[in-house]
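kindly generate the corresponding structure for this input.
(4 chains)
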Number of protein chains: 4
Amino acid sequence: MSNNTTSSLWRQKVHEIIYEADTPAGKIFDVVLLILILMSVILVALESVPGIGEEYANQFIIAEWIITIFFTIEYILRIISINKPSKYIFSFYGVIDLLSTLPLYLTLFITGLNALIAVRALRLLRVFRILKVTRYIGEADKLSKSIRASGPKIAVFLFAVLVVSIIMGTLMYLVEGADSGFDSIPKSIYWCIVTLTTVGFGDIAPVTPLGQFIATVIMIMGYGIIAVPTGIVSAEYSKEVKKDNPNYRHVNTQVCQNCLAKKHQDGAQFCHKCGYELHD
Amino acid sequence: MSNNTTSSLWRQKVHEIIYEADTPAGKIFDVVLLILILMSVILVALESVPGIGEEYANQFIIAEWIITIFFTIEYILRIISINKPSKYIFSFYGVIDLLSTLPLYLTLFITGLNALIAVRALRLLRVFRILKVTRYIGEADKLSKSIRASGPKIAVFLFAVLVVSIIMGTLMYLVEGADSGFDSIPKSIYWCIVTLTTVGFGDIAPVTPLGQFIATVIMIMGYGIIAVPTGIVSAEYSKEVKKDNPNYRHVNTQVCQNCLAKKHQDGAQFCHKCGYELHD
Amino acid sequence: MSNNTTSSLWRQKVHEIIYEADTPAGKIFDVVLLILILMSVILVALESVPGIGEEYANQFIIAEWIITIFFTIEYILRIISINKPSKYIFSFYGVIDLLSTLPLYLTLFITGLNALIAVRALRLLRVFRILKVTRYIGEADKLSKSIRASGPKIAVFLFAVLVVSIIMGTLMYLVEGADSGFDSIPKSIYWCIVTLTTVGFGDIAPVTPLGQFIATVIMIMGYGIIAVPTGIVSAEYSKEVKKDNPNYRHVNTQVCQNCLAKKHQDGAQFCHKCGYELHD
Amino acid sequence: MSNNTTSSLWRQKVHEIIYEADTPAGKIFDVVLLILILMSVILVALESVPGIGEEYANQFIIAEWIITIFFTIEYILRIISINKPSKYIFSFYGVIDLLSTLPLYLTLFITGLNALIAVRALRLLRVFRILKVTRYIGEADKLSKSIRASGPKIAVFLFAVLVVSIIMGTLMYLVEGADSGFDSIPKSIYWCIVTLTTVGFGDIAPVTPLGQFIATVIMIMGYGIIAVPTGIVSAEYSKEVKKDNPNYRHVNTQVCQNCLAKKHQDGAQFCHKCGYELHD
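This next block holds a predicted model:
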């Protein structure tokens, strides 16, 4: 940063625009990027819809080339402007950016490539770019922090769900068997998790009276287990709310006669500012 | 309001009855309106039931004309009695009121209009009038206030649901494909939200083992995400409950021997009313 | 109660046994009644199972006669022993007891009566007797009290669910129509409640993209609405827990040097038992 | 333990390794056992998958023999090393260990035994061994303790669910009947629990308008009931969190000038350590 050649200054400027958001140019870049990410996600989604994909094939290809070229420029600028390019290239977003941009260029050189489902799939990786949007939302950070804070407790809950699902899944496999759709233990475990989390697709459902009875036990057991994460998050959140305003809990209304200072300790006899004796 | 001609007085009276609810006449008007709104909603609902709609076609037409005429009179009175009629006409309810009343009159002039589904649909707009009922319920205001208070946090939660749904939906589209019903990314996202919110219709369900495994991850992830709004509302509500009665937390039972004053600060040495020394 | 003739004494004794539970005889009566109610409920349930009902028809008839005769004796004793029989006869349980006992006797006089589904249905009313069991569980009272305490708030929540369901149900009826199963507005409202409460049977499910989008909105909206009752109950319950043990919040460990009295007020200067000056 | 013969010392050593986990050898044993339990559970699950079970039959038999021999050695060592072998043999895990190990040995002597489903089922009992893993997770203990703490309240909730399900199940049986899948009262009760817990498989769903109306009532009622356990766990957990750090609620920052002691009572006038007069 110390050798201020023209090239270095230019790189510094680009770095500021792309990686930071506190200059007007940086903000505009961020907004444009955000819109393009959202557009590319919507494009990917729309292209997959049976009728639409084929009918507007040309428009999709044009839109895809525009977005891809922008993302390519962004990718190159990100590599150029950073001091250690490897740090970006091998980061999660670096890999996603490369893998989602490359396939379209390859179709220029290799014919028939676009037909390969595996190559088309790579383009769908662009969906992960939506995660970039999260950093624009301050509260998202708070949310993810609070979820991470209750991590070990949630892990225990997950383990409880798994143990119950494995045991109950095996039981249901024995009781119901392949005729009711419980044709393997992994599938029965899947059914158990579907039931425990109260999702209940109904693609598989117990048919025998005993199976239905066990299902009943699982459902009610699930309720016991599932109340726990809600309780945990609720309690953790309550704690955070209290941290925010520690004074709403007790208000000492004493005011020093001598210096009019407030917020005295409960039962304080001398003013914490001037030492004058306090009388309530 | 100052020029008290007879017409102005009459208008003022009507305004009082229709727009306000603190006179006996105003209250009666509100109750009658409420009953008619509910009746019209029930009528619209019943008319849509396959058998009933055709059998009692004549009765429905008569009932509809009675209700429509009442609502027409109400609409005209609302316009006449208000000082700036445009304020009502272009308000949300003004538009709803006009659009839900007009179609029946148009059927008199244009034959075959009633057969058009789009025109019949307009009549259903009357359902929105039920929202008017909400203002009669004091607690509804509190509820909506508390939901609005936790608005930004809920928005973050919604965004988390969306991001997870988009990424997981794309994944499921690749893993399951059209054979299992995941025939487009938007549909897969729809399935993802159905699963995350633990609704689980089962109209679409994963069939491949990998798809079922990812579904399991989504369900449990959903549980983590979904515990959050409950926790937030629960914590916010707790806070409100505490605001209501700040004194339930500590009761100081000291009474001054001199002036019998109560509610002394904890650790107070002198009465806060008369200055007499306190003894417990 | 004051004229102590033999008959009156006998009635008083029976009243004690049947209506009260603090004598040994009263307790035994209650336990026997409880077992018979549970047995009769299980009998009614088992008789309805396709295979079992026909195969053990005779055993069911015998068991039913035994239970019916006991309940008849109980019914007569309840009428005799109470001062104002009409108070019992026209109470909820009085009507249930009569209606569920009578049909079996009528089959003796009127042949073919047992075949009538309406008459068999009356016998099922005995299921309501299980509600009598609730009074033996102390905590049930607490639970129902806490639910009743948050009653008005729950009512607002119910109203919100209804308004959203009516509006969204009408919308879904227009968007999806009869082809997807939304063949009437009441049915669409039913589907809306199924979705809002996250039950999600899947017997009716949106098929059109727009319908699926609206369904998504309903589901997420449902989450917002549904977090509320949980939050309310959770906050109310927290309040009750705190009421139970007000001292877990602050422990004053001062002990009077003179009389060894404990539990002094915070900041107390003189012992609340002996008046001796306190030093911490 | 006092007669230190070689045999006794050896037994003591084995006991340390198997039953305790505070020596390096004991820890290694635990980790190996943990891995084998998980492997055996995964094996059991995979073997049940239709295609896989038959194709890799030989590999499964070899893997099963390896695991069974290890578990057999463990079983024998557990019996030898303990002072009162009967205490282990007739414990829950002792019975599970024996029943899940024995069948494979019996297949050596009795041909055709492996084909019997009942014998294969016994091998699945090994799944219960996964419960052993729980003791390695400290938090699991806390979780189960908190669930047990709110036990009686959860019991009341369960009873409420049962009473509502029995009454509503009977009602639905009468209203819907066998044509809609409600072909017996126990099945209707099963459906009721599925609905009350918001699982909603959809294998059985009401068809008649009245049935759908009652279903609506059950769903909303279910919401009222189900908010309760969440509220209970949430409140109980909040209480525990507060117990953990009682000082986050009030921090008295007074420090004695004389002895520098901290954590004074609120309103204390004299240091609780040295009796020197406190000034804030």
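
which element follows the worst-scoring helix or strand of chain A on mean pLDDT toward the C-terminus?
Least confident helix or strand of chain A, by mean pLDDT, DSSP states H and E, is helix A:138-149 with a mean of 61. Of the helices and strands lying after helix A:138-149 in sequence (DSSP states H and E), the nearest is helix A:151-176.

by contact count, what packs against that following helix?
Under the contact criterion of 3 or more C-beta pairs under 8 Å, 6 or more residues apart in numbering or on different chains; DSSP states H and E, helix A:151-176 touches helix A:185-196, helix A:209-244, helix B:209-244, helix D:24-47, helix D:117-124, helix D:130-133, helix D:138-149. The way it works is simple: take the backbone N, C-alpha and C, and place the C-beta from them, glycine included.

could you tell me the least trusted of those helices?
Comparing mean pLDDT across the helices and strands packed on helix A:151-176, the weakest is helix D:138-149, with a mean of 61.

near chain C, which residues of the stretch 51-200 of chain A are found?
Neighbours of chain C within the stretch 51-200 of chain A, by C-beta under 8 Å from any C-beta of the partner chain: A:198-200.

so which of these are in helices?
Per DSSP state H, helices hold no members of those.

now, which of those lie within strands?
Among those, no residue falls in strands (DSSP state E).

return only those of those found close to chain D.
The subset of those within reach of chain D, counting by C-beta under 8 Å from any C-beta, consists of A:198-200.

any chance of those residues in CSV, plus pLDDT and neighbour count?
As requested, those are exported to CSV (pLDDT from 0 to 100; neighbours: other C-beta atoms under 10 Å in any protein chain shown):
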residue, pLDDT, neighbour count
A:198, 86, 24
A:199, 88, 31
A:200, 89, 32
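
closest one to chain B out of those, please.
Checking those against chain B by C-beta to the nearest C-beta gives residue A:199 as the nearest, at 3.6 Å.

surely the closest one and residue B:201 touch.
No. At 9.7 Å, residue A:199 does not count as touching residue B:201 under the criterion of C-beta atoms under 8 Å.

mean confidence for the helix or strand that contains residue A:17?
Per DSSP H and E, residue A:17 falls inside helix A:6-19. In this model, helix A:6-19 has a mean pLDDT of 79.

in that helix, what's buried?
Residues A:11, A:14-18 are the ones in helix A:6-19 that count as buried (16 or more other C-beta atoms under 10 Å in any protein chain shown).

return only those of those found close to chain D.
Among the buried residues of helix A:6-19, no residue lies close to chain D (C-beta under 8 Å from any C-beta).

okay, the residues you listed in JSON lines with distance to residue C:190 next?
Listed next are the buried residues of helix A:6-19 as JSON lines, based on distance: C-beta to C-beta, whole Å:
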{"residue": "A:11", "distance to residue C:190": "64"}
{"residue": "A:14", "distance to residue C:190": "59"}
{"residue": "A:15", "distance to residue C:190": "59"}
{"residue": "A:16", "distance to residue C:190": "58"}
{"residue": "A:17", "distance to residue C:190": "55"}
{"residue": "A:18", "distance to residue C:190": "53"}
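
quick one on the thing from earlier: joint contacts of residue A:199 and residue B:201?
residue C:200 (C-beta atoms under 8 Å, 6 or more residues apart in numbering or on different chains).

ok, back up a step: from the buried residues of helix A:6-19, which is closest to residue B:159?
Set against residue B:159, the nearest of the buried residues of helix A:6-19 by C-beta to C-beta is residue A:18 (23.5 Å).

so residue A:227 touches residue D:229, yeah?
Yes. In this structure, residue A:227 is within contact of residue D:229 by C-beta under 8 Å, at 4.6 Å.
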